[in-house]
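Participant: what follows is a predicted protein model with its sequence.
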Amino acid sequence: MAMWPLHCKSAGRYFLFRSPHYCQVRYSAGPYWRFIMNTFIASRPSLLIVAATTAFLMLTGCVTRGSYDEVTEERDQLLRQNAALEDDTVGLSTELVLRDLEVAQLESEQQELTDEVTRWAVRGAIKMQMLADGLHLTLPYDVLFASGTTMLSDEGRELIVELVQEINQQPYQIAVLGFTDNMPVGSKLAEHYPSNWELAGARAASVVRIMEEEGIPANQLIAVSRGETDPIASNDTAEGRAQNRRIDVRLRPVVR
């Protein structure tokens, strides 16, 4: 390639041009070049572009001090943005670790509750199912209520108190559902509960009331009447009707 006898001077240093558009550095550059090289080595790819562009312009004498300051400010802004992103990443990582620990704690406590309920089930007091939406407990009426009433018996109250002691360590959403058989309400109860809807609801409410007295926050509790709907056994036999008269307690852990 032909050599043009042209020189350009920048910051006290000379360059020999191979063409009007390209020049080759012949001598070491001054302090600005060392500054740009440090930036070039330390920064990320987006900063490398800024540094390389600045270096070329400074060495060829084609950049003003104002342009240099502008490019430097852009570099500093990118550095600040990068630091902020790194802080955000650390914060998110910490939050994920804490959430994993919380979930592990909930799983451990859920297992402890399951073990305790299993012991009750062995005693014949409770039937238990672990379903996708949480733990379902079935408590028969003859364990919870005195005959012909909606008030908990002493044994029933003791059972609910034991249950509350087990579940009160972690927040649960607790739904208490009352069920009956398909027989009409007896004359004594019918004075206050015209149908199985009211009877089932009153018995569910009795359980919820004891849970609240024992420390479960009211906003975690709900009482539901299902009446004679959703039987789990035939209503044609006394044994089947006894199974259908029941309270279901459904527990769903709450992750804060």
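Facilitator: Structure's in. What do you need? Numbering: from 1, shown residues only.
Participant: and residue 137, helix, strand or coil?
Facilitator: Under DSSP: H, G, I helix; E, B strand; the rest coil, residue 137 falls in the strand class.
Participant: okay, and the beta partners of it?
Facilitator: residue 128, residue 249 (DSSP bridges).
Participant: burial of it, as a residue count?
Facilitator: A count of nearby residues for residue 137, using other C-beta atoms under 10 Å, gives 20. Every residue, glycine included, has its C-beta placed from N, CA and C.
Participant: next: residue 133.
Facilitator: Residue 133 has 10 nearby residues by other C-beta under 10 Å.
Participant: that one reaches residue 253, doesn't it?
Facilitator: No. Using C-beta atoms under 8 Å, residue 133 is not in contact with residue 253, being 10.5 Å away.
Participant: ok, now which ones touch the residue nearest to residue 235 when sequence neighbours are not counted?
Facilitator: With C-beta to C-beta, 6 or more residues apart in numbering as the criterion, residue 235 has its nearest non-adjacent residue at 4.5 Å, and that residue is residue 182. With contact set as C-beta atoms under 8 Å, 6 or more residues apart in numbering, residue 182 has these partners: 196, 228, 231, 235, 241, 244.
Participant: can you flag the buried ones in those?
Facilitator: Buried subset of the contacts of residue 182 (neighbour count, 16 or more other C-beta atoms under 10 Å): 196, 228, 231, 241, 244.
Participant: sorry, back to before: name the SS class of the residue nearest to residue 235, please.
Facilitator: Applying three-state DSSP: residue 182 is coil.
Participant: look up phi and psi at it.
Facilitator: Backbone torsions for residue 182, taken as degrees, to the nearest 10, come to phi -100, psi 10.
Participant: so for it, what's the pLDDT?
Facilitator: The model reports residue 182 with a pLDDT of 96.
Participant: give me the distance between it and residue 236.
Facilitator: Shown here: residue 182 relative to residue 236, a distance of 10 Å by C-beta to C-beta, to the nearest Å.
Participant: any weak-confidence spans in the stretch 51-200 of the chain?
Facilitator: Counting by pLDDT under 70, the stretch 51-200 of the chain has low-confidence residues at 51-66, 68, 102-103, 105-125.
Participant: what about the helices in it?
Facilitator: Secondary structure of the stretch 51-200 of the chain (DSSP state H, counting those that start in this stretch): helices at 65-122, 141-144, 154-167, 187-190, 196-213.
Participant: residues touching the nearest residue to residue 193 once chain neighbours are set aside, list them.
Facilitator: Excluding the flanking residues, the one nearest residue 193 by C-beta to C-beta, 6+ apart is residue 199, at 4.2 Å. Contact analysis of residue 199 by C-beta under 8 Å, 6+ apart lists 150, 178, 180, 185, 189, 193, 227.
Participant: ok, of these, which one's closest to residue 127?
Facilitator: residue 178 (15.8 Å; C-beta to C-beta).
Participant: tell me if I'm right that the closest one and residue 225 touch.
Facilitator: Yes. Using C-beta under 8 Å, residue 178 is in contact with residue 225, at 5.3 Å.
Participant: now for these two: what residues contact both?
Facilitator: Both residue 178 and residue 225 are in contact with 200-201, 204, where contact means C-beta under 8 Å, 6+ apart.
Participant: could those be laid out in TSV, adding distance to residue 214?
Facilitator: Formatted as TSV, the shared contacts of residue 178 and residue 225 follow (distance: C-beta to C-beta, whole Å):
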residue	distance to residue 214
200	22
201	21
204	16
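Participant: which one among those gets closest to residue 248?
Facilitator: residue 204 (8.8 Å).
Participant: quick check: pLDDT value at the closest one.
Facilitator: For residue 204, the predicted pLDDT is 98.
Participant: before we move on, what about residue 10?
Facilitator: For residue 10, the predicted pLDDT is 44.
Participant: try the one 4 residues further on
Facilitator: At residue 14, the predicted lDDT confidence score is 41.
Participant: what does residue 2 give?
Facilitator: For residue 2, the predicted pLDDT is 45.
Participant: how about the one 3 residues further on?
Facilitator: Reading off the confidence values, residue 5 has pLDDT 44.
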